[in-house]
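**Q** Just to be clear, the model below is a prediction. Sequence and coordinates:
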Amino acid sequence: MSLMPQLSSAFQDDAPSAVTFLGLYGHTSIVSLGCGSLLNRIDNHIRLMAALNLTFYVGIDQVSEVNLSPTALFSDPKGMEKLLAGIYRDEPQRFREALQVFPFTWVEELWNLPCAAVVCQRVEPDCRWEDIIVSMRPKLVLQEDLHGCERQQLRGRGYVRSWLKVRGYDLQPFRPWPIFPGEKNLVLWRRQDFDDEEVEASRWKVLHRLGERFIG
């Protein structure tokens, strides 16, 4: 069964608040801060869900309504449907059960609520969410579509940049224009106490540690 025609039924009017939901399920959720009025191009978010074995995809925004376009949800629909089929044992349409969206919700309401991962896309200028993100203690923080957007600076806040996990999770920028050499319009932060075995095992360990110290 195809995933796309099924997703329109994902959102329900009787959902609990984001605060209530994340209080219960934040530890197994990836949270998109300021997801916008239309969910789209969430391929990398699903890759992180799969890598961390998470249960829920949570989108929050102050807008009055959060919708999705089945044709715009993924940049690579076939690839994502295949990935979801592997997660949900050949029933990719079950992903709709993982989707939880909360309009009329400000990022500031999420203070100290747990979550496994955070995503920031197309963040408007002057939106500084570092304190809130740190209070949520996510293992990973993904920032995407950085051109003209506010970039959250987590250096020195218990997080380091992780290039190895970008490659390991096969994260693909959907607008891959470099801002600086080696950077392709996304940044992935790793909480310092979360799983850095790939750094320890790398032959370039010293260079990675220097990069974390001076860049990340």
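**A** Structure received. Just so it is clear, the structure is predicted and the values come from calculations on it, not from any experiment.
**Q** Grab the nearest non-local neighbour of the residue sitting nearest the centre point of the chain.
**A** By C-alpha atoms, centre = their mean, the mean C-alpha position of the chain lies nearest to Val119, the distance being 3.2 Å. Using C-beta to C-beta, 6 or more residues apart in numbering and skipping the chain neighbours, the partner closest in space to Val119 is Ser32 (4.4 Å). For the C-beta atoms, the positions are set from N, CA and C on the backbone; glycine is no exception.
**Q** how distant is the one helix or strand that neighbour maps to from the center of its chain?
**A** Under DSSP states H and E, the secondary-structure element containing Ser32 is strand 29-33. Centroid separation for strand 29-33 versus its chain: 6 Å, with C-alpha atoms, centre = their mean, to the nearest Å.
**Q** And stretch 77-93, by the same measure?
**A** On C-alpha atoms, centre = their mean, the centre of stretch 77-93 falls 18 Å from that of its chain.
**Q** which parts of it are buried?
**A** Buried residues in stretch 77-93, counted by 16 or more other C-beta atoms under 10 Å: Pro77, Met80, Glu81, Leu83, Leu84, Ala85, Ile87, Pro92, Gln93.
**Q** can you tell me the average pLDDT over that stretch?
**A** Stretch 77-93 shows an average pLDDT of 92 in the prediction.
**Q** can you give me the helices for the chain?
**A** Secondary structure of the chain by DSSP state H: the helices cover 18-25, 43-52, 77-87, 130-136, 163-168, 197-201, 205-214.
**Q** And the longest one, what does it pack against?
**A** When you say that, I think you mean helix 77-87. Counting by 3 or more C-beta pairs under 8 Å, 6 or more residues apart in numbering; DSSP states H and E, the packing neighbours recorded for helix 77-87 are helix 43-52.
**Q** Which positions in the helix it packs on come out as buried?
**A** Asp43, Asn44, His45, Ile46, Arg47, Leu48, Met49, Leu52.
**Q** now Phe104: how far from Pro92?
**A** Per C-beta to C-beta, to the nearest Å, Phe104 is found 29 Å from Pro92.
**Q** now do Leu68
**A** From Leu68 to Pro92 the distance is 15 Å (C-beta to C-beta).
**Q** next one: Trp106
**A** Trp106 is 32 Å from Pro92, by C-beta to C-beta.
**Q** re earlier: could you export the helices of the chain as CSV, including distance to Trp189?
**A** As requested, the helices of the chain are exported to CSV (distance: least, C-beta to C-beta, whole Å):
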stretch, distance to Trp189
helix 18-25, 19
helix 43-52, 12
helix 77-87, 23
helix 130-136, 9
helix 163-168, 9
helix 197-201, 14
helix 205-214, 11
